[in-house]
Each structure stands twice: as structure tokens, then as C-alpha cells.
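S.K.: With the sequence up front, the predicted model follows.
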Amino acid sequence: MKKPHKITYWVATIWLSLGMVSTGLVQLIGNEEEREMFSRLGYPPYLMTLLGVLKIIGVIVVLIPRFPLLKEWAYAGFFFAMFGAIFSHIASGTANELFGPSLLLVLTVVSWYFRPPNRRVGSARQIA
């Protein structure tokens, strides 16, 4: 793996991880502002807890070595969660809140695309 690709992967992955952990913790804590936003979007409060837990688990899976299939699921989960957040904000008329989910969506795609060969499904060097 070329050094620029490795740097791109780790920068994107670290920022993605920080973003997912921070939003996951805010959702787990049940921050009042977050509750209001979920309510404006039309989602039940318990969804915050579910998303918070899954984001933190996803970050752990993406950062630990091995388990490339679980990594694929984590990246897919991040992608669908952020795409869903973007769609929800647009549909509910709160498009001014698109920056966060859009940035995390881009970081998800960049981290996934530049991941090392040993973190890909079907790589010769993977150890399950």
C-alpha cells in the first residue's frame, strides 16, 4: 500500500471515528437538543439509543484489526445512517443541518475506499 493511500485512510478513519463516537455518545446520553432534533425529524426517542450503541460498536469494528466482513457491515451501517440523516433533514425541511451527516458520509466513503488490503473481504492476507 502506497504511503499517501495509507495516510489518507488513517486521516479519514480517525476523523470518521471521532465523529461517530461523539455523535453516538450524544445520542446515548440523550442530549436535549438531540432529542428535539429527532422529534422534529419524526423519530421516536429510543432510536437515539439504538443509533448511539451501533455507532460506537461500528467504530470499534472499523479500528480493530481482522474481521473484514464485520468492517464491511460497519461501513455499510455508517453509510446508510448518514444517507438516511441527510434524506431526513431534506424531507423535514431542516436542510440547514446537512453539514455533519454529509461530512461523515464523505469520510465513510473515503475511509472505505482507501482501506488497506488486509482490511478487505477476500484479501489473501486476511485472518478471520
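M.R.: Structure received. Residues are numbered from 1 along each chain as shown.
S.K.: So which bits of stretch 43-60 are buried?
M.R.: Neighbour-count burial for stretch 43-60, with 16 or more other C-beta atoms under 10 Å as criterion, is recorded at Tyr43, Met48, Leu51, Gly52, Leu54, Lys55, Ile56, Gly58, Val59. (Glycine included, C-beta is placed from N, CA and C.)
S.K.: In helices, which of these fall?
M.R.: Of the buried residues of stretch 43-60, the ones assigned to helices by DSSP state H are Met48, Leu51, Gly52, Leu54, Lys55, Ile56, Gly58, Val59.
S.K.: what's the spacing between the residue nearest the centre of the chain and Ile7?
M.R.: Nearest to the mean C-alpha position of the chain, by C-alpha atoms, centre = their mean, lies Phe78 at 3.4 Å. To Ile7, Phe78 is 21 Å away according to C-beta to C-beta, to the nearest Å.
S.K.: residues contacting Leu103?
M.R.: Taking C-beta atoms under 8 Å, 6 or more residues apart in numbering as the contact definition, Leu103 lies against Gly19.
S.K.: Can you classify it by secondary structure?
M.R.: When classified by DSSP: H, G, I helix; E, B strand; the rest coil, Leu103 comes out as helix.
S.K.: for the protein, where's the lowest mean pLDDT among helices and strands?
M.R.: Lowest mean confidence among the helices and strands of the chain (mean pLDDT, DSSP states H and E): helix 32-41, at a mean of 92.
S.K.: Quick one: list the elements packing against that helix.
M.R.: With contacts taken as 3 or more C-beta pairs under 8 Å, 6 or more residues apart in numbering; DSSP states H and E, helix 32-41 sits against helix 46-63, helix 68-92.
S.K.: among the ones you listed, which is nearest Ser17?
M.R.: Between Ser17 and those, the tightest spacing by C-beta to C-beta is seen for helix 46-63, at 4.7 Å.
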